[in-house]
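1. this is a predicted model, with the sequence first.
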Amino acid sequence: MSQVRVLVGTHKGAFVLTSDGKRKDWKVEGPHFGGLEIYHVKGSPIEPNRIYASQAGDWFGQVVHRSDDGGVTWEAVGNDFKYHGTPGTHQWYDGTPHPWEFKRVWHFEPSPHDVDTVFAGVEDAALFKSTDGGKTWAELSGLREHSTGSQWAPGAGGLCLHTIILDPRNPERMYTAISAAGAFRSDDGGKTWKTITKGLKSDFLPNPTAEVGHCVHHVAMHPSNPNVLFMQKHWDVMRSDDAGENWREVSGNLPSDFGFVIDVHAHDPQTIYVVPIKSDSEHYPPDGKLRVYRSKGGNEWEALTKGLPQKDCYVNVLRDAMAVDTMDECGIYFGTTGGQVYASADSGDTWNAIVRDLPAVKSVEVQTLK
Amino acid sequence: MVRVKLPYHLQQLAHVGSEIAVEVTGAVTQRSILDALEAKYPMLRGTIREHESGKRRAYLRFFACQEDLSHEPPDAALPEAVAKGEEPFMIVGAIAGG
């Protein structure tokens, strides 16, 4: 019997939501790590009961929790994220040099090839790798030591590496995205990196088409079509058909092309989803209407509203808070800063809230258990 | 044995109650207590003091015998009542946040 497990990281703990394949009735378990800020929770694609959770806060710093029973019990594993060598400086908000300081893990990306290998994207931006299930971490320093690294500056949320995409067909190829530096690709397993920002335009930069400085909010890829990338930038929804070498804007008729999340339908690599947010100054949906927009490849967008609040809604949907399941009829999920987790069991046509009153949702990941 | 009081979230992390006892060899100082604590409960490493620098995390304070000892040197001797186990060494989280 198929089952869907939704892993939710919130401002005050982690929650595990489960349902059968119908995705109608849900069981809500949690909070795990109640009262603590959980940035991300993600399971292994090859051993789904292996799950990692990132707890990060001012009091106790970073704690990495690992579960080997599907999120029922947890143990703390390694939390020593030490930059390679002498880290030097990046730019601060005012353009002055600022030393690299580890603050937190924003994103875990477990390997699709080896159960004990997991990548971590951290703030201040760097990529770490563990090959022992999270007990020890080593930096893949080629990214932070990229020739542009000293020019990277934080976005409002910090200088965070928030997106890690592993090419399922080519273990040597991986992508990362950093706010507010840009997007990067490695073709040698993370040793060396190149910027992939050609075509991005950010009007807040002195040079709007500079190599770095773009506030990339999230990037998504369909595993069957790994050369095609979709990006939600600070402003602009972008698409690349050549593994990030060139980008073109596909915002089309969106009511706002500002937003954080972007994801791809599980079975149709051209169908993408975004949640428009009014602006970088007003982090809530345009007109108080929470609408998911769906498109075949970009430019022409369709509003999906059935079951979503269409008045007086002023929540945000953060960058790692949308995910899809791989059931025959693809399920789409997203969480809001108002504590709702919405699910659609029909590719976005209709929506229901699984829960409405969680703490502010930071991340949503989905596991399809068959 | 030295008595140590932990804030709630560290009790949860270490799966212990509010007060625990640790064996400290040699002089009883902040450093020797924390070394003993982390050896017995390795999941607490990095949560009270930073990994590399060993610095107390900014949102935590160390109290004992009605004194704030947070800014004492880590190798300074703690009050005799702490060393004898008559008074606990208290690790206290800042009252802050939302």
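-> Looks like it arrived, so ask away.
2. tally of neighbours for residue B:72?
-> 15 (other C-beta atoms under 10 Å in any protein chain shown). C-beta coordinates here come from the backbone N, C-alpha and C atoms, glycine included.
3. does it touch residue B:30 like I think?
-> Yes: contact criterion C-beta atoms under 8 Å: residue B:72 and residue B:30 qualify, at 6.9 Å.
4. name the residues that touch stretch A:14-23?
-> Applying C-beta atoms under 8 Å, 6 or more residues apart in numbering or on different chains, the external contacts of stretch A:14-23 come out as A:1-8, A:25-33, A:38, A:41, A:53, A:70-71, A:325, A:327, A:331, A:341, A:343, A:345, A:354-355, A:358.
5. narrow the residues you listed to those that are buried.
-> A:3-8, A:26, A:30-33, A:38, A:41, A:53, A:70-71, A:325, A:327, A:331, A:341, A:343, A:345, A:354-355, A:358 (16 or more other C-beta atoms under 10 Å in any protein chain shown).
6. can you flag which of those belong to strands?
-> Judged by DSSP state E, the buried ones among the contacts of stretch A:14-23 include A:3-8, A:30-32, A:38, A:41, A:53, A:341, A:343, A:354-355 as members of strands.
7. taking those, tell me the two that lie furthest apart.
-> Checked with C-beta to C-beta, these reach their widest spread between A:3 and A:38, with 22.1 Å between them.
8. pull out the CA atoms of the longest helix anywhere in chain B and give them to me as CSV.
-> Scanning chain B for the longest helix, with DSSP state H as the assignment, gives helix B:30-40. Once non-C-alpha atoms are left out, helix B:30-40 reads as follows in CSV (Å, rounded to 0.1, in the frame of the first residue of the first chain):
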residue,chain,number,x,y,z
GLN,B,30,34.4,25.8,33.7
ARG,B,31,36.6,24.0,31.2
SER,B,32,37.1,20.8,33.2
ILE,B,33,33.3,20.6,33.9
LEU,B,34,32.4,21.2,30.2
ASP,B,35,35.1,18.7,29.1
ALA,B,36,33.6,16.1,31.4
LEU,B,37,30.1,16.9,30.4
GLU,B,38,30.8,16.6,26.7
ALA,B,39,32.8,13.4,27.2
LYS,B,40,29.8,11.8,28.9
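9. quote the end-to-end distance of stretch A:153-167.
-> Stretch A:153-167 stretches 27 Å from its first residue to its last (C-alpha to C-alpha, to the nearest Å).
10. quick check: mean pLDDT across that stretch?
-> Averaging pLDDT along stretch A:153-167 gives 95.
11. same thing with stretch A:295-309?
-> Average pLDDT, stretch A:295-309: 98.
12. which parts of that stretch are buried?
-> For stretch A:295-309, burial by neighbour count (16+ other C-beta under 10 Å) applies to A:295, A:298, A:301, A:303-304, A:308-309.
13. residue A:193: how many residues sit nearby?
-> For residue A:193, using other C-beta under 10 Å, the count is 24.
14. what's near enough to touch it?
-> Residues in contact with residue A:193 (C-beta under 8 Å, 6+ apart) are A:142-143, A:146, A:176, A:184-186.
15. try residue A:325
-> A:4, A:23, A:266, A:331, A:333, A:366-368.
16. and chain A, which residues reach chain B?
-> With C-beta under 8 Å from any C-beta of the partner chain as the criterion, chain A meets chain B at residues A:33, A:35-36, A:58-63, A:75-76, A:79-80, A:82.
17. including secondary structure, could these go into JSON lines?
-> Listed next are those as JSON lines, based on DSSP: H, G, I helix; E, B strand; the rest coil:
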{"residue": "A:33", "secondary structure": "coil"}
{"residue": "A:35", "secondary structure": "coil"}
{"residue": "A:36", "secondary structure": "coil"}
{"residue": "A:58", "secondary structure": "coil"}
{"residue": "A:59", "secondary structure": "coil"}
{"residue": "A:60", "secondary structure": "coil"}
{"residue": "A:61", "secondary structure": "strand"}
{"residue": "A:62", "secondary structure": "strand"}
{"residue": "A:63", "secondary structure": "strand"}
{"residue": "A:75", "secondary structure": "strand"}
{"residue": "A:76", "secondary structure": "strand"}
{"residue": "A:79", "secondary structure": "coil"}
{"residue": "A:80", "secondary structure": "coil"}
{"residue": "A:82", "secondary structure": "coil"}
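18. among the residues you listed, name the buried ones.
-> By 16+ other C-beta under 10 Å, the residues of chain A next to chain B give A:33, A:36, A:59-63, A:76, A:79-80 as buried.
19. and the residues you listed, which is closest to residue A:199?
-> For those, the nearest to residue A:199 is residue A:62 (35.0 Å; C-beta to C-beta).
20. which one is residue B:93 nearest to, not counting chain neighbours?
-> Setting aside the residues directly before and after it, residue B:93 is nearest to residue B:7 in space (C-beta to C-beta, 6 or more residues apart in numbering or on different chains), at 4.1 Å.
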